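From the sequence below, what's the structure:
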Amino acid sequence: MPPRSRQKSEYVKKERTEEKAQPQTTAPTQTEKIRLNRFIANSGVCSRREADNLITMGVISVNGKTITELGYKVSPGDEVRYENRVLRAEKPVYILMNKPKGYLTTTDDPQERNTVMQLLAGSVRERIYPVGRLDRNTTGLLLLTNDGDLADKLMHPSYNVKKIYKVELDRPLSKDDFQSILEGVRLEEGKAMVDDLAIISDDGKTVGIELHIGWNRVVRRIFESLNYEVVRLDRSVYAGLDKKDLPRGKWRFLSREEIIHLKHFK
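Residues are numbered from 1 along each chain as shown. As a prediction, the model looks like this:
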């Protein structure tokens, strides 16, 4: 009989108790200056970190003057341009998608392959982009937003954003390999530590794995390093969000409570 994690109940549990989130912080007043990189991020062009790169490259101007100073602040009414485009703050948009297989997690593809943006079918006017990536053949939860601050926060390693995946393997996971994964498999970046592991099928081929590291294709590489083929990979939980009532290939806007939870995520 395949081994089972003592924490299996933590994986199969559909809903988790979350602490009550605190109220949202108030938005800047009309007379308050804000940092230029934040204004750019709020316009939907890119994340705040990427906005810093645009500033140092000298492609951002304020009231006709090129700005290369990081930390520069703009006032309400200032005209901010990215090259020849006037930037305006967009309404923040937060979308949760249940990504199907065969779609790239990108806003555009030079080879004209299917991307997750096509699933929105022009329903969102704001320029949103995926937070992190799921590879083409991985399914499951994907967050899209134009909130650059939130995107940076969720992708930063220090926030330890938890993800849960359902993994279908080509053969049963052995007892020794189960223990090896719990102890941490050595990959190129270092030891890949997981937070929880559970065998969730009677044949031992379907596994639930919880982790917070965000290395490229990390789940697939953990099992491939032990000579398993990942037949199917699905992300079922991301930063406390789950797929309840969200069919494959569909999307929805986050609720106010979910947005507050993400903004106060620790």
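
residue ranges for the strands of the stretch 151-266 of the chain, please.
Assigned by DSSP state E, counting those that start in this stretch, the stretch 151-266 of the chain shows strands spanning 163-169, 185-187, 190-192, 196-199, 206-211, 230-238, 241-242, 251-253.

Out of these, which gets nearest to residue 175?
Among the strands of the stretch 151-266 of the chain, the nearest to residue 175 by CB to CB is strand 196-199 (9.9 Å). Heads up, the C-betas are built off the backbone N, CA and C, glycines and all.

then the closest one to PDB, C-alphas only?
What follows is strand 196-199, C-alpha atoms only, in PDB (Å, rounded to 0.1, in the frame of the first residue of the first chain):
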ATOM      1  CA  ASP A 196       3.200  18.900   2.400                       C
ATOM      2  CA  LEU A 197       2.900  15.700   0.300                       C
ATOM      3  CA  ALA A 198       0.100  13.200   0.100                       C
ATOM      4  CA  ILE A 199      -0.800  10.200  -2.100                       C
END
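
ranges for the helices of the stretch 101-250 of the chain?
Shown for the stretch 101-250 of the chain, the helices assigned by DSSP state H, counting those that start in this stretch span residues 148-155, 175-183, 218-224.

Let's have the strands of the stretch 151-266 of the chain in TSV, adding distance to residue 126.
Shown next, in TSV, are the strands of the stretch 151-266 of the chain (distance: least, CB to CB, whole Å):
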stretch	distance to residue 126
strand 163-169	25
strand 185-187	37
strand 190-192	35
strand 196-199	36
strand 206-211	31
strand 230-238	21
strand 241-242	20
strand 251-253	11
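
Of all the ones you listed, which one is nearest residue 140?
strand 230-238 (3.2 Å).

and that closest one, average pLDDT?
Mean pLDDT, computed over strand 230-238, is 97.
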